[in-house]
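Colleague: Structure for this input, please:
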Amino acid sequence: MPAEFFALANAFFFALHSLLTKKGLCYCNPATAVIASLIMNVIILWGVLLLFTPLDSLTSPGIQRVVEEQSREIADYPGRGYERQISELWQELHATRRS
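Modeller: This is a model prediction of the structure:
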């Protein structure tokens, strides 16, 4: 199938999703609308994926390389130690206030 078909289908379903969410907000709160939207998007998107994508393409070396690079970038992210530094600073702040 051509890419244009998927683009038009995506636009149609995005518009339909927006209309149904606005209509549903009259009867429920926004949190319920978000959860229902998330569940339906996951079910529909995974269903379309399983219908149109050959499963052996999900195990291709290109996907494995991307996953490895992303996990390496996450492991090397400089902000990972900030939680410990913040907790140490917080403890020092409380220690100086007590004395």
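Colleague: quick one: the residue nearest the centre of the chain from residue 8, how far?
Modeller: The residue lying closest to the centre of the chain (Cα atoms, centre = their mean) is residue 38, at 9.8 Å. Between residue 38 and residue 8 the distance is 23 Å, computed by Cβ to Cβ, to the nearest Å. All C-beta spots, glycine's among them, are computed from the backbone N, C-alpha and C.
Colleague: again with residue 66
Modeller: Residue 66 is 28 Å from residue 8, by Cβ to Cβ.
Colleague: go on, residue 62?
Modeller: 27 Å.
Colleague: Now name the helix or strand holding the residue nearest to the centre of the chain.
Modeller: helix 30-52 (DSSP states H and E).
Colleague: got the buried residues for that helix?
Modeller: Residues of helix 30-52 classed as buried: residue 33 (neighbour count, 16 or more other Cβ atoms under 10 Å).
Colleague: Show me what the helix or strand that comes right after it is in contact with.
Modeller: Counting by DSSP H and E, the next helix or strand C-terminal to helix 30-52 is helix 61-75. The contact list for helix 61-75 (Cβ atoms under 8 Å, 6 or more residues apart in numbering) is empty.
Colleague: and if you look at stretch 13-29?
Modeller: By Cβ under 8 Å, 6+ apart, stretch 13-29 touches 32, 33, 36, 37, 41, 44.
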